[in-house]
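In: After the sequence you'll find the predicted model.
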Amino acid sequence: MAVDVLSSHELTQIAPVFGQTSFDNHEQVVFCNDKDTGLKAIIGIHNTVLGPALGGTRMWNYASEWEALNDVLRLSRGMTFKAAITGLNLGGGKAVIIGDAKTQKTPELMKKFGEFVHSLSGKYITAEDVGMETSDMDLVREVTPYVTGISESKGGAGNPSPVTAYGVFMGMKAAAKFKYGSEMLEDKIVLVEGVGHVGEALVEHLTNEGAKVIITDINEERLQAVSEKYGAHIHRGNDVFEQELDIYAPCALGATINNDTVFKINAAIIAGAANNQLANEHIHGKILHERGVLYAPDFLINAGGIINVYAELEHYNRQEIMRKTENIFNTTLEILERAKKSDITTHQAALNVALERIEERKIENLKK
Ligand code: NAD
């Protein structure tokens, strides 16, 4: 097979993995390719100090391999901090499969992906993320034990999304208590951006509590279905931040708080499920802080899903899953207080707690 030989000039134009802006001392990055099934995947293992790297697999039609690589680097790093702040003995990892989940996902492709996961001997444990279903994890389970989020009928804890949504709801209530003095969300105007697995379950909690919910999604069918079911108001178009919101809940993809939106977001609180909501955690976190927009750190409040899949590894029951998830309320309040006391961004306050736990464990491990 002919392989293009790049000139030395062309080679210097390609930023290598270690030079990517999203690279943060990741331990291992694995590129997986299978010609027969068309699988092209990247597994990112960020940090395994606290335990094996656990994180979902995302299937997305990335515009380029660089985009996929940066996504997996950012997502796996986020998982490290999510597990750490939640008190789980897990490291951070994530995988991305490049392709359209609707048209290119096949049982053969999922099983081949499972074989690559298996080849890492448990250093990385997978689960579902955007573009994945519990049934996909069941297929992966056929070739490797290093998978969570499998069906309850197959001994798993089932779809983690409702638990994630409950945790986000808890984090949102904590933010409301901090901001308004009451955790009640009745009559609050809440924008839920992305009404997929997590977004829909969040809309349910919000409408049950009497919030006024606005929804957006690029999927028209989802919009109609969720609106009809819960009476949520649909917003179409790119001007959603022109209206005054109490709470903005990003539940689609990451980086929606970016140079284009950060000054426009007209909300008192941001609390949602999406991973890596801040395009640049330092720049955009600081701008929100200065604007007085209270940001509930994503990796802290969207940990319900990882708590749910961790139960499969630690064999704890539903009651314990919900107790741990409900505790996101207390942890969020603590982090918001810390940030206020030290006059730092809420993201940084959460990051500090996570980093402290990892450092402590590193020292303990060295003593062993
Ligand atoms: P999903 O694929 O079920 O839903 C995502 C929804 O967002 C889809 O309906 C999609 O059409 C919509 N969307 C995509 N781009 C959009 C855009 N530009 N504007 C508006 N809507 C858009 O995914 P999910 O499982 O609900 O996860 C949502 C987010 O939460 C993801 O960022 C995921 O990484 C994160 N998350 C999920 C879990 C979980 O348990 N599923 C856990 C932690 C974090």
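Out: Structure's in. What do you need? This is a predicted model, so every value here is computed, not measured.

In: what's the offset of stretch 161-177 from the middle of its chain?
Out: Put simply, stretch 161-177 sits 14 Å off its chain's centre (C-alpha atoms, centre = their mean, to the nearest Å).

In: quick one: it near the ligand?
Out: Yes. Using C-beta under 6 Å from any ligand atom, we find that stretch 161-177 touches the ligand at 161, 164. From N, CA and C alone the C-beta is placed, and that goes for glycine too.

In: mean confidence for that stretch?
Out: Computed over stretch 161-177, the mean pLDDT rounds to 97.

In: what are the bridge partners for Ile234, then?
Out: Ile215 (DSSP bridges).

In: tell me the contacts of it?
Out: By C-beta atoms under 8 Å, 6 or more residues apart in numbering, the residues touching Ile234 are 214-216, 223-224, 227.

In: tell me, which of those residues make contact with the ligand?
Out: Thr216.

In: Most neighbours of all the contacts of Ile234, which one?
Out: With neighbours taken as other C-beta atoms under 10 Å, the top of the contacts of Ile234 is Ile215, carrying 26 neighbours.

In: Report the contact partners of that residue.
Out: 191-193, 195, 199, 203, 223, 226-227, 232-235 are the contacts of Ile215 under C-beta under 8 Å, 6+ apart.

In: Just give me the neighbour total for the one residue in the chain that gets nearest to the ligand.
Out: With C-beta to the nearest ligand atom, the shortest gap between the chain and the ligand falls at Gly196, namely 1.7 Å. Look at Gly196: counted by other C-beta under 10 Å, it has 17 neighbours.

In: Check what pLDDT it gets.
Out: 95.

In: if we can go back for a sec, how about the contacts of Ile234, which pair is most distant?
Out: Ile214 and Gln224 (14.8 Å; C-beta to C-beta).

In: centre of the chain versus the helix or strand containing Ala249, how much separation?
Out: Using DSSP states H and E, Ala249 sits in strand 245-250. A distance of 17 Å separates the centroid of the chain from that of strand 245-250, by C-alpha atoms, centre = their mean.

In: And Glu200, how far from Tyr230?
Out: 8 Å (C-beta to C-beta, to the nearest Å).

In: okay, these two: which has more neighbours?
Out: Taking other C-beta under 10 Å, Glu200 and Tyr230 do not tie; Glu200 has more neighbours (23 against 17).

In: I'd assumed Tyr310 was in contact with Glu320.
Out: No. Between Glu320 and Tyr310 there is no contact under C-beta atoms under 8 Å: 10.2 Å.

In: which regions of the stretch 101-250 of the chain sit below the pLDDT cut-off?
Out: Scanning the stretch 101-250 of the chain for pLDDT under 70 picks out nothing.

In: List, one by one, the residues from it near the ligand.
Out: Residues of the stretch 101-250 of the chain lying near the ligand (C-beta under 6 Å from any ligand atom): 129-130, 160-161, 164, 193-199, 216-219, 222.

In: Which of those are buried? Put it as a ChimeraX command.
Out: In ChimeraX, this line selects whichever of those come out buried by 16 or more other C-beta atoms under 10 Å:
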select :129,130,160,161,164,193,194,195,196,197,198,199,216,217,222
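
In: Mind checking which of the contacts of Ile215 are in helices?
Out: 199, 203, 223, 226-227 (DSSP state H).

In: one step back: can you redo the contacts of Ile215 as a markdown table with distance to Glu281?
Out: Converted to a markdown table, those look like this (distance: C-beta to C-beta, whole Å):
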| residue | distance to Glu281 |
| --- | --- |
| Leu191 | 21 |
| Val192 | 22 |
| Glu193 | 19 |
| Val195 | 26 |
| Gly199 | 22 |
| Val203 | 27 |
| Leu223 | 30 |
| Val226 | 30 |
| Ser227 | 33 |
| Ala232 | 30 |
| His233 | 31 |
| Ile234 | 31 |
| His235 | 27 |
